[in-house]
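**Q** Model the structure of this input:
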Amino acid sequence: MYLEDILIVCLESLNSRYPEHTIDINGQIIGSINRDATGWKAEELIEMLRAKAPHFLQKMAHMTVDSCETTIYLIEYSRETPAFWLHCQGKLPPCHEHSAMKKNALKPGLK
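**A** Down below sits the predicted model:
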């Protein structure tokens, strides 16, 4: 799968095509928006970026998902260094619960 569109469209497409995925953030490109750079789901990443750095969601991105590479590049920043590493095929690393709503839902006794 190859897609060149704004970041939010790439993330929504990833979520639609590969619901069992995780995303790792490259702090060299994105900066230190969040201390935890690994194990994101697309919807959690969109939620976090909307709150902390909404301008990134409108940046042009190039997403590649094939047998050799699974990445998203933010074209304005680098075409050689990925902004996000995607895990959506084969053995996937664990997903962390980043959104507050999901974290609270997992706590015993909370509904």
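**Q** Could you check how far E20 is from L14?
**A** From E20 over to L14 the distance is 11 Å, taken as C-beta to C-beta, to the nearest Å. Every residue, glycine included, has its C-beta placed from N, CA and C.
**Q** which neighbours do these two share?
**A** Common neighbours of E20 and L14, counting by C-beta atoms under 8 Å, 6 or more residues apart in numbering, are C88.
**Q** what's the weakest-modelled helix or strand in the protein?
**A** helix 100-106 (a mean of 47; mean pLDDT, DSSP states H and E).
**Q** re the thing from before, of E20 and L14, which one has the most company?
**A** L14 (24 against 10; other C-beta atoms under 10 Å).
**Q** Do you have the helices of the chain handy? List them.
**A** Along the chain, counting by DSSP state H, helices occupy 7-17, 27-30, 42-52, 100-106.
**Q** Can you add distance to E76 and give those helices back as TSV?
**A** Output for the helices of the chain, formatted as TSV (distance: least, C-beta to C-beta, whole Å):
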stretch	distance to E76
helix 7-17	10
helix 27-30	10
helix 42-52	15
helix 100-106	30
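**Q** Could you tell me the least trusted of those helices?
**A** For the helices of the chain, mean pLDDT drops lowest on helix 100-106, to a mean of 47.
**Q** separation between the nearest residue to I8 once chain neighbours are set aside and D66?
**A** Of all residues not flanking I8 in the chain, L57 sits nearest, at 4.2 Å (C-beta to C-beta, 6 or more residues apart in numbering). To D66, L57 is 24 Å away according to C-beta to C-beta.
**Q** That concludes my questions; thank you for your assistance.
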